[in-house]
Structures are given as structure tokens and as C-alpha cells.
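Enquirer: 3D, please:
(one chain, ligands or ions: 2)
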Amino acid sequence: MQIDHRHSTAFDDQKPGTSGLRKKVRVFQRPHYLENFVSAIFAAIGRPGTGVQGMRLVVGGDGRFHNDQAVQTIVKMAVAAGIAELIVGRDGILSTPAASCVIRKYGTDGGIVLSASHNPAGPDADFGIKFNVPNGGPAPEAVTERIYAQTRRVDGYAIAAIDDIDISRAGTQTLGSTAIRVIDPVDDYLELMRSLFDFDAIRALFANGFRLRFDALSAVTGPYALRILEGELGAPAGTVVNGTPLPDFGGHHPDPNPVHAHELFELMFGPDAPDMGAASDGDGDRNIVLGRACYVTPSDSLAVLAANARLAPGYSDGLSGVARSMPTSAAVDRVAEALGIECHETPTGWKFFGSLLDAGRATICGEESAGTGSNHVREKDGLWAVLLWLNIVAARKESIADILRAHWRRYGRNYYSRHDYEAIDSDVADRVIDALRADLARLPGRQVDGLRVSEALEFSYVDPVDGSRSDGQGLIVRFDDGARVVLRRSGTGTEGATLRLYIERYEPADGRHDLDPQAALAELIDAAEAITGIRRLSGRDTPDVIT
Ligand code: VG1
Ligand code: CO
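Expert: Numbering: from 1, shown residues only. Ligands and ions are numbered 1, 2, ... in the order given. Below is the predicted model of the structure:
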């Protein structure tokens, strides 16, 4: 077989963000761009002398525009590099959690996941690539730094001069010394879900008339949700909507939040609301859950799942610990306290949960951005969360709204909201962040809109398992009553900068829990503007997205 050695110069913009490298499709279509990054991954994970020769990898993605071409490129580079086995999801499809599941189950040396997650898809939208390590999780910072260093050094790459291969059917084909094994993208994941949840109880729930609407937003979870919810669990046909993954996600912005999943919100707050509503994102790792006229914020969902996990067979022995990203509300902390288990606060991004999960120091983890997951894989997992909710509802025989209200009555409620300012000029975003950073030392003790600042700091994290340190992970301003405001810059955007402002205050168990979060947080939102000046400095009147 002929192997071409192509010369290329390094790209200087291949620094991975919160979860991998995300850019416009047009950037990925530039000659050698994707190849350069894949070559850097191979160089970063390869062994001295032999590189990735003889290694085994997984590849798959969320099916968005450019997914198929990128898979073919990676196949050809894997063949040229002498990879022993490449496991490929049929049609190039693997949701992020399924990829994690497959990497772990088959003990590969890692995997390449093609996705820009919740970012829109299509020729004018976004594409992304990330490397997951052998534990199935996103590469930790040490590995992403190594990959980045390689992207600066690459001066060429090897690629097999072969035609595109057929990946539309399961089975193994051998090219050179590489076995290309095409697998069903759902099988292994389904088997794992079956081992965790009481499928009989959930089946009975549906058989008794429980109604669910699952909106796959024309992204990757469609095939998974159809097969598991409608196929295995007997939910009526039509339970899953937008269930076919489309290259442009049907024009949907596959970010499950009140803005982008508004159809689902309208249904759930309307007269014909079913018992439960749920949606996932582009690559299937996020989820939202709603009850009738009731939205469970992701931070609350994490807390409720942690408090009730024992009701599912996979967690009947209880949890070893929980972990949440720093901007996520502290609702789960109160559950951990009641359960007497460890509770960890990590920087944003799932990669930081990996070592805690590996070390058995956390069983369930979550982020405010609609991500929850457990030690069953090393990614957040949208459908897993929906199945755990279904299992809990089946066991408690209560509505989602009742379960949530009972939770607040016991633990109190963390009123919470995130305000996103998108596509801000990068310099303006820097100015906002730098100004607050410069103010941190002066803030404690100051009165802002009637609230007294108790502490102001920049979040740093030292991993309690491996001692690795991550600085500059967001600015936190705390107030006397435990309320807080957090400001950070997004690491997943592809246009200008996105600033995220997170606002939270705690209402004790005997307080009022029925307020609208924006109203309950109104004072704090004013204080946040006074402190950060986002609106003033960016010239924006309101956030682009409020969740
Ligand atoms: C966002 C979220 C973060 C999440 C990340 C990846 O990052 O805030 O919680 O881990 O997206 O999510 P940022 O840097 O834009 O705030 V996704 O579903 O890749 O998979
Ligand atoms: Co995602």
C-alpha cells in the first residue's frame, strides 16, 4: 500500500479549549489542518521509536457536517501510522458517552471524538475534535498541553493513499497492518445502561401510561434514545422527536436550555404537557429534565440524582463521593453533607472529574451546563441522566415537580442562574476580566447594592489525587449570606469571546422556594453588574442567553 508523506507547516491556532479543539468547519477544511492535529495527537500519545504503531484506538463523532470526511482522514492516517486496530462507530457515529464506554470496554489506548458538542453544525458552523485517554475520559491538561506542543512542531504527516472505506456496515476490514472494526454505535452503550437501571420498573412505568417527550434536537442521541426508550423500554412511538441525526442538526442549536430547546419548554409549560420532558445536546453528553410546568435546573438535577441514586440498582450501595464544577450551584454539597460523603469542587470541564472517578473518590459528578454523569464512563452522559430520573420516578411513584419540591423542603433551595454574553470582542472580554481581577483585593468588606462582599478570589484547583494544579479558573465574589457571583470566559466558543456570569443564593429549607429565579436573584444581578461592569464595558443591555 502506498503511504504519502505530506509536508505541512504547523498551525498556530490549535490550542484546545474547555473540551478539545473547536473551530469553524471552514477552518477544519483548510488543507492539512485536521491532519496536523491528528498527527500531533499521534505524536503526543505514541511511544518513543514506534509512535502509535500497534496501538488500538476508537473513533466516532456526533454526525455533524464534516464528520464523515474527518473519519475517513483519520482512518487513512491510522493505517499509515500502523495502528493495530481502529474501532469505528457505524457511519462514523458515536455519542461522546458511548465513545467513552467503548474505549473502556475494549481497553483501547484511547479514542478520537469528533464533535463541537452544543455548538451549531453545518458548512458555516462549527466542528471539533478531542482526544480521550484510555480511562475513556477527556485528556487531562498534561496531555492536551503535550498535543498542543506537538501541533507547533509538526512539519508533515503520513497518510495512506487509499479510497474512502465503507463504514456503513458492522464488520472488520484489514488495510495494511490495521484492522478497521466497524461497530454498532448503540449496542455496547445499551448493555451498560441495562446493567445500571431497573429496566423492568421503567418498562412498567411506561406501560402504565407515563408520558415522556425526548427531544434529540436532530443530533446524535436520536438513535440511542429511539432504541433504548421506544425499543427496550416500550415508550410509545413518538416519544423521541427529532430523532434522526442530520449534518446541520436540522438547523437546531443543539444546546439543551430554555432558549434553544424552547419547543420542549413550550410543551412542558403548556396544557398538553406529558409527565416528563428531556433533551440532549449535539454529542449526547448533556441533558435537561423537565416535569409538568417545572424545569429542573442542572445544578438541582445533580443534587436530586445524588440524593436518590440508591434507588437504581447500579448505585444501590450508595455513593463514594460527589463532584461539581466550581460555577455549579452548591445544591449537591448539602446532599453530600447529609450523606456524609466527600464533595469536590473542580474547574469547568469534565476532564477534571477523571482522576476523582478513577480513584473512587466520586461516583456522581455534574456541571451547571446541563452535564451529569457517573463512574460508569468518564464523560457526562445525557441519556444516563434521563434513565436515572426515570428509574427514580418509577421507584418513588411521584411526579418530577413533587420530587423537586420535596428536595427543597429538605435541603433548601439554591436559586441559580447563568447569564451568557456571546460573541463579545475579545479585547473587551479581556478588559472585563482584567478589571475584576485587579479589583479582587479591594472588594472584601465593601458594600455593593446593600450586600457586603465577604471574599473575592480567582479560582485555582489542585487535584487531590495527582496533585496537578490549574490556575485562572474563574473569578469568585462571595457575599455575607453565602451568595456568590462568578465570572469566567468560555473556552468552547468559536466567535469572539463569551463571558459567563453565574449568580447564586441560598434559601433555607423553611424559606420560600416558589420564586422565579431571576426575581429571587434580582438584587444580586444588580450587584454583579456593579462589580463586573459587563454591560457597561461591552455595551450590551442584556445577556444573550439566560439559563
Ligand atoms: C462549556 C460549559 C462546561 C462544559 C463545556 C463542554 O464550557 O460551561 O461546563 O464542560 O462547555 O461541554 P465553556 O468553557 O464554554 O463554559 V460540551 O457538552 O462539550 O460537551
Ligand atoms: Co456536549
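Enquirer: what pLDDT does whichever residue of the stretch 101-250 of the chain sits closest to ligand 2 get?
Expert: For the stretch 101-250 of the chain, the residue closest to ligand 2 is Ser117, as judged by C-beta to the ion, at 3.1 Å. Glycine gets a C-beta too; all of them are placed from N, C-alpha and C. As summarised for this prediction, Ser117 has a pLDDT of 92.
Enquirer: I'd like to know how far it sits from Ala528.
Expert: For Ser117, the distance to Ala528 (C-beta to C-beta, to the nearest Å) stands at 27 Å.
Enquirer: who's more crowded, the two?
Expert: It is Ser117, of Ser117 and Ala528, that has more neighbours when counted by other C-beta atoms under 10 Å, with 28 against 24.
Enquirer: and the spatially closest residue to Leu114 that is not a sequence neighbour, how many neighbours?
Expert: Distances taken as C-beta to C-beta, 6 or more residues apart in numbering put Gly61 closest to Leu114, at 2.8 Å, once the chain neighbours are dropped. For Gly61, the count of nearby residues is 30 (other C-beta under 10 Å).
Enquirer: Gly61 pairs with what?
Expert: On the basis of DSSP bridges, Gly61 is bridged to Ile93, Leu114.
Enquirer: the residue of the stretch 101-250 of the chain closest to ligand 2 reaches Ser280, doesn't it?
Expert: No - contact criterion C-beta atoms under 8 Å: Ser117 and Ser280 do not qualify, at 10.5 Å.
Enquirer: who touches both of these two?
Expert: Here Ser117 and Ser280 have 254, 286 as joint contacts, going by C-beta atoms under 8 Å, 6 or more residues apart in numbering.
Enquirer: tell me the contacts of the residue of the stretch 101-250 of the chain closest to ligand 2?
Expert: The contact partners of Ser117, taken as C-beta under 8 Å, 6+ apart, are 19, 22, 62, 96, 128, 254, 281-283, 285-286, 492.
Enquirer: contacting residues for the residue nearest to Leu114?
Expert: By C-beta under 8 Å, 6+ apart, the neighbours of Gly61 are 67, 70-71, 89, 92-94, 113-115, 220, 283.
Enquirer: now do the same for the nearest residue to Pro298 once chain neighbours are set aside: its pLDDT.
Expert: Leaving aside its chain neighbours, Pro298 sits nearest to Ala370 (4.6 Å; criterion: C-beta to C-beta, 6+ apart). Here the pLDDT value assigned to Ala370 is 94.
Enquirer: contacts only, for Ala370.
Expert: By C-beta under 8 Å, 6+ apart, the contact list for Ala370 reads 256-257, 281, 286-288, 298, 382.
Enquirer: what subset of those residues is also close to ligand 2?
Expert: By C-beta under 5 Å from the ion, the members of the contacts of Ala370 lying near ligand 2 are 281, 286.
Enquirer: out of the contacts of Ala370, list just those in helices.
Expert: Among the contacts of Ala370, the ones falling in helices (DSSP state H) are 298, 382.
Enquirer: could the contacts of Ala370 go into JSON lines alongside neighbour count?
Expert: JSON lines is the format used below for the contacts of Ala370 (neighbours: other C-beta atoms under 10 Å):
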{"residue": "Pro256", "neighbour count": "28"}
{"residue": "Asn257", "neighbour count": "23"}
{"residue": "Asp281", "neighbour count": "34"}
{"residue": "Arg286", "neighbour count": "28"}
{"residue": "Asn287", "neighbour count": "29"}
{"residue": "Ile288", "neighbour count": "27"}
{"residue": "Pro298", "neighbour count": "29"}
{"residue": "Gly382", "neighbour count": "34"}
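Enquirer: could you identify the most distant pair in the contacts of Ala370?
Expert: Asn257 and Gly382 (13.0 Å; C-beta to C-beta).
Enquirer: for Ile41, give its distance to ligand 2.
Expert: 20 Å (C-beta to the ion, to the nearest Å).
Enquirer: tell me, how many residues neighbour that residue?
Expert: With other C-beta under 10 Å as criterion, Ile41 counts 26.
Enquirer: what about the residue lying closest to it once chain neighbours are set aside, which SS state?
Expert: Leaving aside its chain neighbours, Ile41 sits nearest to Phe131 (5.0 Å; criterion: C-beta to C-beta, 6+ apart). Phe131 falls in the strand class when you classify it by DSSP: H, G, I helix; E, B strand; the rest coil.
Enquirer: who in the stretch 201-350 of the chain is up against ligand 1?
Expert: 281, 285-286, 325, 348-350 (C-beta under 6 Å from any ligand atom).
Enquirer: please redo it, this time with the cut-off set to 8 Å
Expert: Residues of the stretch 201-350 of the chain found near ligand 1 (C-beta under 8 Å from any ligand atom) are 281-283, 285-286, 325, 327, 348-350.
Enquirer: repeat for the chain
Expert: Checking the chain against ligand 1 by C-beta under 8 Å from any ligand atom, the hits are 17-20, 96, 115-118, 128, 281-283, 285-286, 325, 327, 348-350, 367-371, 380, 488-493, 498, 500.
Enquirer: could you tell me which of those are located in helices?
Expert: If you go by DSSP H, the residues of the chain next to ligand 1 have Thr96 in helices.
Enquirer: any of the residues of the chain next to ligand 1 buried? List them.
Expert: In terms of neighbour count (16 or more other C-beta atoms under 10 Å), the buried residues within these are 17-20, 96, 115-118, 128, 281-283, 285-286, 325, 327, 348-350, 367-371, 380, 488-493, 498, 500.
Enquirer: quick one: the strands in the stretch 101-250 of the chain?
Expert: Secondary structure of the stretch 101-250 of the chain by DSSP state E, counting those that start in this stretch: the strands cover 111-114, 126-132, 156-160, 171-175, 178-183, 212-215, 240-241.
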